[in-house]
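1. Structure of the sequence below:
(chains A and B)
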Amino acid sequence: MKKFPGGIHPKYNKELTAEKPIIDMPLAKKVRLLLSQHLGPPCNPLVAPGDKVTIGQKIADTDAFVAAPIIASVSGEVTAVDALGIDIACDSSNSEFKGQKQDYSSPEQLRQLIRDAGIVGMGGATFPTQVKLTPPEGKSINTLIVNGAECEPFLTTDHRLMLEQGEDLIQGVLLLMEACGAKDAIIGIEANKPDAIAHLTDIVQAHSTISVASVPVRYPQGGERQLIKTLTGKEVPVGGLPLDLGFVVSNVATAVAVHQAVNLGRPLIDRVVTVSGAVAQPNNVRVRLGTPIAELIDFCGGLDPDAIKVINGGPMMGKTVADLDSPITKGTSGILAFTEREVREYEERTCISCASCVDSCPQKLLPNYLARYSKKGKLDLAEQYHLFNCIECGCCSYVCPSRIPIVKYIQTAKNRIQRRRRK
Amino acid sequence: MSDKLLTGPSPHILGGKSVSSIMWDVVIALIPVSLVSIYYYGLNALTIIVVSIVSAMLVEGLFMAIRHKGMKHALGIRDGSAAVTGLLIALIMPPTAPLWLVVIANAVAILLAKQAYGGIGNNIFNPALVARAFVFMAWPSIMTTWSNPLNFGTWFADLTSGATPLGGAEHSLLEMFLGNIGGCLGETSALAIIVGGLYLLLKGHIDWRIPVGYLGTAAVFSFLSSQFSMQDVAFNLLAGGMLFGAVFMATDMVTSPTTKKGRLIFGIGLGLITMFVRKYASAPEGVTYAILFMNALVPLIDRYTVPKTFGEVKGS
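-> Reported below is the predicted structural model:
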C-alpha cells in the first residue's frame, strides 16, 4: 500500500459514538430545505407558500447540469419560500415514506433515477452524484472507489452505516458501478474500524468485483486524492479529476442512499448525523433533512453548559454554526459542540519557519509561503505556488506552533483570485 | 450554553505544539551538553551559562517593554527563544570568557541580530552566531584562549590554559568523543551533542537533512582531501564546533530553509564551506562563517526548491 505525503494524527475521539447504534429522530414540527445543498448553482423553488407537498415530492430544481433537485423530506404545507430555502410545516400523520423498487433499462436511466432522488456526495463535498457518474466523451471509468475512511475526528456515521447497513451498502455499490460502467470496486476503510472491515469483507465474498481494503489511520486519508494514492499508488493530476485516471470516488453513505433510492424508491429525505462533543448524549442520529440543528441537539440532551462553538461537519474541515435554527442539509455529517477550553482562540504569532506545515501537507504545498503571499496580497505568487491545489484539509493550521490560521489565509487568497477572474 | 456561539475558520482543533514548547524542548536538548561542560569546566561553565541566559532574557524583556511601551510586554520572553539564544551563546564561549563579554555577546545577539529585524521569526542570521562573530572580531585573543578540562571532582579549581585539537593538541578520538578536550563549553563532547540531537529529532523539531547533509559532506570532503584517511574524517567531525553547529545552530528553524530539498542543499553547502575554511583558509575553524553565509542564502534556496505539488506531472 502506498503512502500519501504528509498527514497528521489528531485525537480521533470516535469512542464517544462508535458503539452507538443509529437511532431515528422523531419528526420536527417544521423543516427548512435550503435551495443550495450541493456543489453547483442553487435550485429554483417549484412550490409557493400555501402549497401542500407530500414527502418525496420534488420541490426545487434547476436546468444546470451540476445540480441535484431538492426533495420534500416531510409532508405538509409550505409556509414560506425565500431566496435561500423553503419552509414546510410538517403534517406528522402522513410523513412516513412508502415507495417501491424503481425500474431502469440503461445506465443513463439509472443515473437519472439517482439525480431524481436528489443524491449528492454525502461525505461533505456534496458534489451531485449523477454528474460524477457520467463519464465525459471519450473517457471511461474502470474502478469505483468507495470511501469508508471516515478520517475526520468524532464522526462515526459511515462506520455505523457499514456495520448496520452493510448489505444495503453493497447493493448501492453495485448500482453505482452499473451507473458509471466501473468493472470493479474497492471499499477503503481506515484500520481503526476492524469490525466494519470484517463485516464488509464477509459480505463481499459473494461479489467477485468488490473488494475491501484496510487503509492506514492518518488524516486526511479520506481525501479522495489521498485515498486513491493509498489504494492504487496513482496521483490525480493537478487540476484534474479522479476520472482522468479512470476512477470515481463515492462515499459509503452515498452508496446506501443510492440503494434506497433505486431499490426502495426512497429519495434522499434523511441522513445519519453524528452528534458529539459537548452534548449531553452523543449519538448517531438518522434525521430528516431540513430539521433545525437546535432540535437535533435537544434530541441528544442539549448542549453542555460550557459549549461555545457548534460545528457542521468534522472538526478539521467543518464550518461553524452561527445560528442553531439553521437546518440539517445533505452534506451534514456531524454536529459537534466544543467548549471554550477545547477551541481556545490563540493570538496569531510570527511564523518561525519551522516548516511543520510543509511536512504535514498532504498535497505537497508550501503552506508557509501561501499564507505569507496571501497576507501580503501577492496573489500571483500564491498561484505559482499551486494555491488551487490546496484541499483545505487543515493539517497546516493544526500543526502550526505560531497558531497561524493558514487555511483561512489560503481561502482568502482563493476568493480574491476568483473574484478578480470574474471581473 | 453561552448566548453567542463562536464562529471562525476551520480547523477547529489544534495540535499541541507551540513556539514556547519547541523552544523549551531545545533547552532540554541542550541540558546534556550543559552538564558535560560543567563537568569539564566546573564553576566557570556554570556561571557563564547562568549569566548568559539571564542576560539574554533581560535584554529581550527590556527591549520588548520599551518597544511596545509597557512592562507587560516583557513577558514575551516566556516563549523561551531568548533563553535558547542565551544558552547557545554560553555554550560557544571559551571556558575563561569574562562575564562582561558574555553579556555583550547576548546584547549583540538579541538587539542587533534579532530585534533589529523585527524579533522572533524575522531574523535572517542565527543570533548566537552573529554574537560569536562579533566578539571574536572585537576580542580575538580572549575568544581563542583555551583551557584544559578539569579532573573529576575538582570543579572549583582554577583552569589551566591548553590547546584545542584544531589548534594542534593531541587527543585520542575517544577523548574527543567524550569531550575531554579543550574547546568551547558546549562543543567538546560529541556524545552529549548526539544525545541532544536525537531528542530533537525524536520530537520532530529538526530535520535530519541538515545535520546529515552537513556532516556527510564534511566527511566526504575530508576523506577525499586527506588521501582517503578515515582518521582524518573522524578527527574533522569531532574537532571544533562542527557537530554542535550541525545539530544546534544550522537547524535553527528561523534561519534554515523550509523545503526538504532546500534543507539538504543547505547542509551540503555548510559542509563544503566549513571544510574549505579548515583545509585551505588561514583560520582554524569555519563553522560560524559557514552557517552565517548559508543563512543569507536561505530565501534563495527556498525559492529554487519549491517541491512538485501532489499530482504534478513528473518532469513538467
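
2. Local confidence estimate at residue A:284?
-> Looking at residue A:284, its pLDDT reads 97.

3. what lines up beside the host helix or strand of it in the sheet?
-> Using DSSP states H and E, residue A:284 falls within strand A:283-288. Take DSSP bridges as the rule and strand A:283-288 pairs in its sheet with strand A:23-24 (parallel), strand A:270-277 (antiparallel).

4. from those strands, which stretch is densest packed?
-> strand A:270-277 (a mean of 26; mean count of other C-beta atoms under 10 Å in any protein chain shown). C-beta: built from backbone N, CA, C; applies to glycine.

5. Any figure for the gap between residue A:176 and chain B?
-> Using C-beta to the nearest C-beta, to the nearest Å, residue A:176 is found at 24 Å from chain B.

6. Now the residue of chain A most remote from its centre: which helix or strand?
-> Taking C-alpha atoms, centre = their mean, the residue of chain A most remote from its mean C-alpha position is residue A:352, at 34.4 Å. For residue A:352, there is no helix or strand it lies in under DSSP H and E.

7. thinking it is in contact with residue B:20, fair?
-> No. With contacts counted by C-beta atoms under 8 Å, residue A:352 stays clear of residue B:20, the gap being 10.9 Å.

8. okay, residue 147: pLDDT?
-> Using chain A here. So, for residue A:147, pLDDT stands at 96.

9. meant chain B actually
-> 87.

10. Please name the nearest non-neighbouring residue to residue B:139.
-> residue B:101 (6.2 Å; C-beta to C-beta, 6 or more residues apart in numbering or on different chains).

11. what's the spacing between the closest residue to residue B:118 other than its chain neighbours and residue B:134?
-> Excluding the flanking residues, the one nearest residue B:118 by C-beta to C-beta, 6+ apart is residue A:350, at 7.8 Å. Separation of residue A:350 from residue B:134 (C-beta to C-beta, to the nearest Å) stands at 24 Å.

12. Between those two, which has more neighbouring residues?
-> Shown here are residue A:350 and residue B:134; by other C-beta atoms under 10 Å in any protein chain shown, residue B:134 has more neighbours (17 against 14).

13. Quickly find the element holding that one.
-> Going by DSSP H and E, residue B:134 is part of helix B:127-138.

14. Now do the buried residues in that helix.
-> B:127, B:128, B:129, B:130, B:131, B:132, B:133, B:134, B:135, B:136 (16 or more other C-beta atoms under 10 Å in any protein chain shown).

15. Relative to chain A, which of those is nearest.
-> residue B:127 (12.8 Å; C-beta to the nearest C-beta).

16. got the contact list for that closest one?
-> B:85, B:109, B:110, B:113, B:114 (C-beta atoms under 8 Å, 6 or more residues apart in numbering or on different chains).

17. which one of those residues sits closest to chain A?
-> residue B:114 (11.5 Å).

18. Count the neighbours of that closest one for me.
-> With other C-beta under 10 Å as criterion, residue B:114 counts 29.

19. quick revisit: next, the residue nearest to residue B:118: phi, psi?
-> phi -70, psi 140 (degrees, to the nearest 10).

20. for it, what are its contacts?
-> A:402, B:118, B:119, B:120, B:121, B:122.

21. Restrict those to the buried ones and give me that as a PyMOL selection.
-> Here is the PyMOL command that selects the buried residues among the contacts of residue A:350 (16+ other C-beta under 10 Å):
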select buried, (chain A and resi 402) or (chain B and resi 119+120+121)
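
22. Just flag the most distant two among the contacts of residue A:350.
-> Taking C-beta to C-beta, the two most distant members of the contacts of residue A:350 are A:402 and B:118; they sit 14.0 Å apart.

23. mind checking the SS state of residue B:194?
-> helix (DSSP: H, G, I helix; E, B strand; the rest coil).

24. Distance check, it against chain A.
-> 22 Å.

25. Isn't residue A:358 up against residue B:261?
-> No. Here residue A:358 does not reach residue B:261: they are 10.9 Å apart, not a contact under C-beta under 8 Å.

26. Mind checking which of the two has more residues around it?
-> Set residue A:358 next to residue B:261 and count neighbours by other C-beta under 10 Å: residue A:358 wins out with 26 against 15.

27. For the more buried one, give its distance to residue B:250.
-> Distance from residue A:358 to residue B:250, by C-beta to C-beta: 18 Å.

28. contacting residues around residue A:365?
-> Contacts of residue A:365 (C-beta under 8 Å, 6+ apart): A:358, A:385, A:386, A:389, A:390, B:309, B:310.

29. top of those by neighbour count?
-> Most surrounded of the contacts of residue A:365: other C-beta under 10 Å gives residue A:358, at 26 neighbours.

30. Contacts for the helix or strand hosting it, please.
-> Using DSSP H and E, residue A:358 sits within helix A:356-360. Helix A:356-360 is contacted from outside by A:6-8, A:365-368, A:395-401, A:406, B:17, B:204, B:207, B:258-260, using C-beta under 8 Å, 6+ apart.

31. Just the ones of the residues you listed in helices?
-> A:367, A:368, A:395, A:396, A:397, A:398, A:399, A:406, B:260 (DSSP state H).

32. Can you classify the closest residue to residue A:51 other than its chain neighbours as helix, strand or coil?
-> Leaving aside its sequence neighbours, residue A:51 sits nearest to residue A:78 (C-beta to C-beta, 6+ apart; 4.6 Å). Assigned with three-state DSSP, residue A:78 falls in the strand class.

33. Tell me, how many residues neighbour residue A:78?
-> 20.

34. One more: the one 5 residues further on?
-> Burial of residue A:83, expressed as a neighbour count using other C-beta under 10 Å, amounts to 7.

35. what residues are up against residue 236?
-> No chain in the question, so chain A it is. A:224, A:225, A:228, A:242, A:244, A:245, A:247, B:311.

36. Switch to chain B, please.
-> B:218, B:219, B:222, B:242, B:275, B:278.

37. so can I have TSV of these showing secondary structure and distance to residue B:151?
-> As requested, the contacts of residue B:236 are exported to TSV (DSSP: H, G, I helix; E, B strand; the rest coil; distance: C-beta to C-beta, whole Å):
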residue	secondary structure	distance to residue B:151
B:218	helix	32
B:219	helix	32
B:222	helix	32
B:242	helix	27
B:275	helix	34
B:278	helix	30
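
38. is it possible to export these to JSON lines including neighbour count?
-> Formatted as JSON lines, the contacts of residue B:236 follow (neighbours: other C-beta atoms under 10 Å in any protein chain shown):
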{"residue": "B:218", "neighbour count": "27"}
{"residue": "B:219", "neighbour count": "18"}
{"residue": "B:222", "neighbour count": "23"}
{"residue": "B:242", "neighbour count": "30"}
{"residue": "B:275", "neighbour count": "22"}
{"residue": "B:278", "neighbour count": "23"}
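
39. Need the pLDDT of the residue nearest to residue B:304 when sequence neighbours are not counted.
-> Once flanking residues are discounted, residue B:304 sits nearest to residue B:262: 8.0 Å by C-beta to C-beta, 6+ apart. pLDDT, the model's per-residue confidence, is 97 for residue B:262.

40. Double-check residue B:262 against residue B:307; I have them as touching.
-> No. Distance between residue B:262 and residue B:307: 9.2 Å, which falls outside the contact criterion (C-beta under 8 Å).

41. more crowded one of the two?
-> Counted by other C-beta under 10 Å, residue B:262 and residue B:307 do not tie: residue B:262 has more neighbours, with 25 against 17.

42. Which neighbouring elements make contact with the helix or strand containing the more buried one?
-> Here residue B:262 is covered by helix B:260-280, with elements defined by DSSP H and E. Applying 3 or more C-beta pairs under 8 Å, 6 or more residues apart in numbering or on different chains; DSSP states H and E, we find helix B:260-280 packed against helix B:209-225, helix B:287-304.
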